[in-house]
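Q: any chance you can model this:
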Amino acid sequence: MMEFEMAESYTPTDNPMVTGIKGLCPRCQRGHLFKGFLAMAQQCEVCGLDYSFADPADGPAFFAITIATIPALAFAVWLQASFNPPLWAHVITTLPLIVGSCVLLLRPLKGWLVCSQFFHKAEEGSIDREWHAERSRQRRTEK
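A: Just a heads-up that it's a prediction; the model follows:
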């Protein structure tokens with residue numbers, strides 16, 4: 001079994017964007033978030049932080065598509081307006097630009113979102129039913 005350093009020696013990230021883009025652990029900033037290109041590691045190999053809290057869902061894909069398509073669309077419009085090429089020219093230029101841009105953005109965006117979840121202590125939401133019941137009672141008495 002691995003020996004982990006004492007928690008007091010960790011320097012949690014104060015900039016989740018930089019730490020996430022680098023693919024580093026948000027707690028110690030020395031371990032790795034990923035075990036493959038996009039696959040999350042189970043835990044940090046340096047500090048032992050369990051990454052089960054991390055759930056970026058479709059966020060990285062949404063941001064990657066949103067960021068990549070604007071320049072790719074601008075390129076496609078420029079190409080069409082300037083040279084009026086056949087459709088196959090767009091397939092061999094614009095399509096690889098879109099796919100390549102999206103793939104290159106996925107890992108840093110996923111790292112950023114995971115580090116942001118740790119930094120902001122984000123977790124699944126829950127409904128405080130007691131608070132809502134008390135608030136409902138207060139509103140009825142105010143009428």
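Q: now do the contacts for residue 68.
A: By C-beta atoms under 8 Å, 6 or more residues apart in numbering, residue 68 lies in contact with 98, 101-102, 105. C-beta here means a position set from N, CA and C on the backbone, and glycine is covered the same way.
Q: ok, residues contacting stretch 49-56?
A: Against stretch 49-56 from outside (C-beta under 8 Å, 6+ apart): 25-28, 31, 33, 40-44, 110, 113-114, 117-118, 123.
Q: those, buried ones only, as a ChimeraX selection?
A: A single ChimeraX command suffices to select whichever of the contacts of stretch 49-56 are buried according to 16 or more other C-beta atoms under 10 Å:
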select :25,26,27,28,31,33,40,41,43,44,110,113,114,117,118
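Q: check which helix or strand the residue lying closest to residue 56 once chain neighbours are set aside maps to.
A: Excluding the flanking residues, the one nearest residue 56 by C-beta to C-beta, 6 or more residues apart in numbering is residue 113, at 4.0 Å. Assessed by DSSP states H and E, residue 113 sits inside helix 87-119.
Q: tell me the helix or strand right after that helix.
A: Next along from helix 87-119, by DSSP H and E: helix 129-142.
Q: just give me the neighbour total for residue 53.
A: 14 (other C-beta atoms under 10 Å).
Q: picking that back up, ok now the helix holding residue 113, how far from the chain's centre?
A: 12 Å (C-alpha atoms, centre = their mean, to the nearest Å).
Q: output the below-cut-off pLDDT ranges for the protein.
A: 1-8 (pLDDT under 70).
Q: kindly recompute the last result at 50.
A: 1-7 (pLDDT under 50).
Q: the residue nearest to residue 56: what's it in contact with?
A: Per C-beta under 8 Å, 6+ apart, neighbours of residue 113: 20, 56, 59-60.
Q: mind putting the residues you listed into JSON lines with secondary structure?
A: Output for those, formatted as JSON lines (DSSP: H, G, I helix; E, B strand; the rest coil):
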{"residue": "20", "secondary structure": "helix"}
{"residue": "56", "secondary structure": "coil"}
{"residue": "59", "secondary structure": "helix"}
{"residue": "60", "secondary structure": "helix"}
